[in-house]
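Asker: Sequence and predicted structure, then a few things I'm wondering about:
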Amino acid sequence: MTARDLIPIAVLTVLAALLPLVVTSSPVLNFLVFMLIVALGAQGWNILGGFGGQFSFGHAAFFGTGAYVTAILQLRFGVNAWAGLVLATLAGAAVGWAIGFLSFRSGLRGSYFALVTLAFAEVFRILANAASVTGGAAGLLIKLDVHPANLQFGDRAVFYWLVLALVAAVLLLTRWIQRSRFGAQLVAVRENEDAAKALGVNSLTVKLRAIALSGGVTALSGCLYAQYFLYVDANIAYGSWISVELLLAPIIGGVGTVFGPVVGALTLHGLGEVAKQFAGRIPGIDLIVFGGVLVLAVAFARGGILGLLERVRDRGRGMMARGPKEVSHADR
Amino acid sequence: MLTVDGVSKRFGGLMAVDSATLSLQSGGITGLIGPNGAGKTTLFSMISGFVAPTDGRIRFEGADITAEEPHRRAERGIGRTFQIVQPFAGLTVCENIAVGAYLRHAKRADATAKAREVAHRVGLGAELDRPAGGLTVAGRKRLELARALATEPKLLLLDEVLAGLNPSEIRDIIPVIRGIRDEGVTILMIEHVMQAVMNLCERVYVLAQGRMIAEGPPAVVCADTRVIEAYLGHGAAARLKAEGAAHG
Ligand SMILES: Nc1ncnc2c1ncn2[C@@H]1O[C@H](COP(=O)(O)OP(=O)(O)OP(=O)(O)O)[C@@H](O)[C@H]1O
Ligand SMILES: [Mg+2]
């Protein structure tokens, strides 16, 4: 990775880190934290779906696993919340690997893979709703005990910075993937699996690594969700709402790009909030906005917002230079 | 180096390849010809691991690779191109070739350098940053060749890399193939362009209806009555003649 790869990430992270110094209202900070948690989970989805081309409709399976693992470890086994964070991430990676092993080994791709992930998430939801270890339908409350050692902070801004740091870390991870052999092989598998195999790519291993990373990152976001709201139940953790959020954000922002998931999460939730402000009395107005944005993105911006910006930039350059169109996929 | 020993492939009721035997010494260019549907591509797919033989064994440098996965065979040094080109359409030419180069070069800088070098060799030097999806037919064929070459193979399987090219493009690519051979890469090529086969190959195998019916120097094989009959039986003799005229 070069300085050019790192500077945009560093600049955006520092700018975002300054926000709580300006904005101190709790609802706004709550909104920002929630949005960053969604962005983080979407970054996880993007590793598998964006770079690997394996579209999952059931990333709730990982989000929920992260949320439940930390809650159960803390409540039932007295594990420290920070250790819970690490273990939840590892559990998500393990679940990812297992789901990947079962589906990729049997050659599932495309819509079949999407349906299998959806099925896993649903099965987990039903199990979590029924089992006693997960608190059944009542869910689990993480004990309120504000102390940094418990991953609970008096000031919401601290949690915001924590989530932001993790989002930045995953931006770096994604950038590294994009610049590495692993990433090149992952993208090759997405573009044409047989051609990749002929060039010596072990497509099964590559996909398993991707789904493990993806599951780990999304589980981390689920864990943060549980830790911030101190509550988890089956419909929150394993509900299809989160599967949809995690796949919408990258598609809107720019699938298979480093910043796409973050841009997408920001756009969706930003517009959703604005809509709520202006038409708060209409129930589900934010969902209507989500749908509208998705339709617009699919119809007019196949590469998401970032893809659209790139095309506009290329066209601008083309007009100035009147030369051949420059291609810069690598910069995104 | 490569031994294909009585290999067969059955697709339902069709014997696409019927106990074919073939053996390559290290070095040189060997042709594999035969009428359409003879089973040439199927044989390539079995050598490179994409299709499992119903019967027979395949050995490479002494090791039995019959059941090995395609990526393992690529690691061993078997490179192949696809008759129906399979570019990574969303990637640039350079990124396409780099995927092949990453097989022997873990670092991005090394793989990219290797990719550039290979691109220049096959005449794609000017297209490095273009999306592969935007290449012409000739460009895509070159890209197939470049990617396989970037894996630094010992044995290169070329499946009709000249098909769809015009005579001047063929004249450009023939020295490239010869250059690869001169570096010590063993080449097995499926080709319909007889002029190129005569030009390049030291030896030729002829496959017809799944069976290996002849083997030897190209001039001898083309005079073989079984071979002529195999082509005439499929009405391909006229097409060959026409091609010969077009490229000759
Ligand atoms: N996957 C498959 N399933 C069923 N039949 C197949 C399959 N692949 C090839 N065949 C059949 O096997 C026979 C041999 O096909 P193959 O592609 O190997 O021929 P070929 O010699 O490469 O022909 P061409 O010169 O047209 O490329 C053909 O009849 C083809 O239809
Ligand atoms: Mg063929």
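Answerer: Everything's here; your move. Ligands and ions are numbered 1, 2, ... in the order given.

Asker: Can you name the residue of the stretch 151-300 of chain A nearest to ligand 1?
Answerer: A:Asp194 (12.2 Å; Cβ to the nearest ligand atom). Where C-beta positions appear, they are placed from N, C-alpha and C, glycine not excepted.

Asker: Now do the one helix or strand that residue maps to: everything it contacts.
Answerer: Per DSSP states H and E: A:Asp194 is located in helix A:193-198. Contacts of helix A:193-198 from elsewhere in the structure, counted by Cβ atoms under 8 Å, 6 or more residues apart in numbering or on different chains, are A:109, A:185, A:188-189, A:203, A:206, B:48-50, B:69-71, B:74, B:79-80, B:82, B:86-88, B:99, B:147-148.

Asker: got it, and stretch B:118-137?
Answerer: A:326-327, A:329, B:87-94, B:96-97, B:100-101, B:116, B:139-140, B:142-143, B:145-146, B:149-150, B:164-165, B:172-173, B:176, B:179.

Asker: again, but for stretch A:117-124
Answerer: Here stretch A:117-124 makes contact (Cβ under 8 Å, 6+ apart) with A:56-61, A:64-65, A:99, A:103, A:238, A:240, A:243.

Asker: Would you mind listing which of those are buried?
Answerer: A:56-61, A:64-65, A:99, A:103, A:238, A:243 (16 or more other Cβ atoms under 10 Å in any protein chain shown).

Asker: Next step: the contacts of helix A:193-198 restricted to strands.
Answerer: With strands taken from DSSP state E, the overlap with the contacts of helix A:193-198 comprises B:79-80.

Asker: Start and end of stretch B:99-107, how far apart?
Answerer: Counting by Cα to Cα, to the nearest Å, you get 12 Å between the two ends of stretch B:99-107.

Asker: same question, stretch B:160-171
Answerer: 15 Å.

Asker: avg pLDDT for the lengthiest helix in chain A?
Answerer: When chain A is scanned for its longest helix (criterion: DSSP state H), the result is helix A:203-229. On average, the pLDDT along helix A:203-229 is 97.

Asker: for the helix or strand following that helix, packing partners?
Answerer: The helix or strand immediately downstream of helix A:203-229 is strand A:231-232, counting by DSSP H and E. The helices and strands touching strand A:231-232, judged by 3 or more Cβ pairs under 8 Å, 6 or more residues apart in numbering or on different chains; DSSP states H and E, are helix A:60-77, strand A:140-141.

Asker: Turn those into a markdown table, including distance to ligand 1.
Answerer: What follows is these, written out as a markdown table (distance: least, Cβ to the nearest ligand atom, whole Å):
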| stretch | distance to ligand 1 |
| --- | --- |
| helix A:60-77 | 35 |
| strand A:140-141 | 52 |
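
Asker: okay, the ones you listed, which one's buried deepest?
Answerer: With neighbours taken as mean count of other Cβ atoms under 10 Å in any protein chain shown, these reach their highest mean count in helix A:60-77, at a mean of 27.

Asker: Centre of the chain to it, how far?
Answerer: Chain-centre distance of helix A:60-77: 17 Å, with Cα atoms, centre = their mean, to the nearest Å.

Asker: buried stuff in the helix or strand just after it?
Answerer: Following helix A:60-77 in sequence order, the next helix or strand is helix A:81-105 (DSSP H and E). Of the residues in helix A:81-105, A:81, A:84-85, A:87-97, A:99-100, A:103-104 count as buried by neighbour count, 16+ other Cβ under 10 Å.

Asker: hmm, helix A:81-105 touching chain B?
Answerer: No. For helix A:81-105, no contact with chain B is found by Cβ under 8 Å from any Cβ of the partner chain; the gap never falls below 12.5 Å.

Asker: Looking at the helix or strand following that helix now, give me its mean pLDDT.
Answerer: The first helix or strand that comes after helix A:81-105 along the chain, using DSSP H and E, is helix A:110-130. If you average the pLDDT over helix A:110-130, you get 95.

Asker: what's the neighbour count on the closest residue to B:Ala208 other than its chain neighbours?
Answerer: Closest residue to B:Ala208 in three dimensions, ignoring its sequence neighbours and counting by Cβ to Cβ, 6 or more residues apart in numbering or on different chains: B:Ala230, at 3.7 Å. The local packing of B:Ala230 (other Cβ atoms under 10 Å in any protein chain shown) involves 23 other residues.

Asker: which SSE is B:Ala230 in?
Answerer: Per DSSP H and E: helix B:225-233 holds B:Ala230.

Asker: in that helix, what's buried?
Answerer: Applying a neighbour-count criterion of 16+ other Cβ under 10 Å, the buried positions in helix B:225-233 are B:227, B:230-231.

Asker: Spit out the contact partners of the residue nearest the centre of chain B.
Answerer: Of all residues in chain B, the one closest to the mean position by Cα atoms, centre = their mean is B:Leu158, 1.3 Å from it. Contact partners of B:Leu158, counting by Cβ under 8 Å, 6+ apart, are B:80-81, B:145, B:148, B:177, B:187-191.

Asker: So it lies in a strand, does it not?
Answerer: Yes. Checked against DSSP: H, G, I helix; E, B strand; the rest coil, B:Leu158 lies within a strand.

Asker: State the distance from it to A:Phe153.
Answerer: With distances taken as Cβ to Cβ, to the nearest Å, B:Leu158 is found 63 Å from A:Phe153.

Asker: Correct me if wrong: B:Ser19 contacts B:Thr54.
Answerer: No. With the criterion set as Cβ atoms under 8 Å, B:Ser19 and B:Thr54 do not qualify as a contacting pair; they are 10.0 Å apart.

Asker: Between those two, which contacts overlap?
Answerer: Shared contacts of B:Ser19 and B:Thr54, defined by Cβ under 8 Å, 6+ apart, comprise B:Ser8.

Asker: Contact residues of chain B facing ligand 2?
Answerer: Contact residues, chain B versus ligand 2 (Cβ under 5 Å from the ion): B:41, B:83.

Asker: related to what we said a few turns ago, filter the contacts of helix A:193-198 down to the buried ones and express that as a ChimeraX selection.
Answerer: Typed into ChimeraX, the line below selects the buried ones among those, using 16+ other Cβ under 10 Å:
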select /A:185,188,189,203,206 /B:48,49,50,70,71,74,79,80,82,86,87,88,99,147,148
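
Asker: Now do the phi/psi pair for residue 58.
Answerer: No chain was given, so I picked chain A. The phi and psi torsions at A:Gly58 (degrees, to the nearest 10) take the values phi -130, psi 40.

Asker: think we crossed wires, I meant chain B
Answerer: Dihedral pair for B:Ile58: phi -130, psi 130, per degrees, to the nearest 10.

Asker: ok, and the closest non-adjacent residue to it?
Answerer: Beyond its immediate neighbours in the sequence, the residue positioned closest to B:Ile58 (Cβ to Cβ, 6+ apart) is B:Thr66, lying 4.9 Å away.
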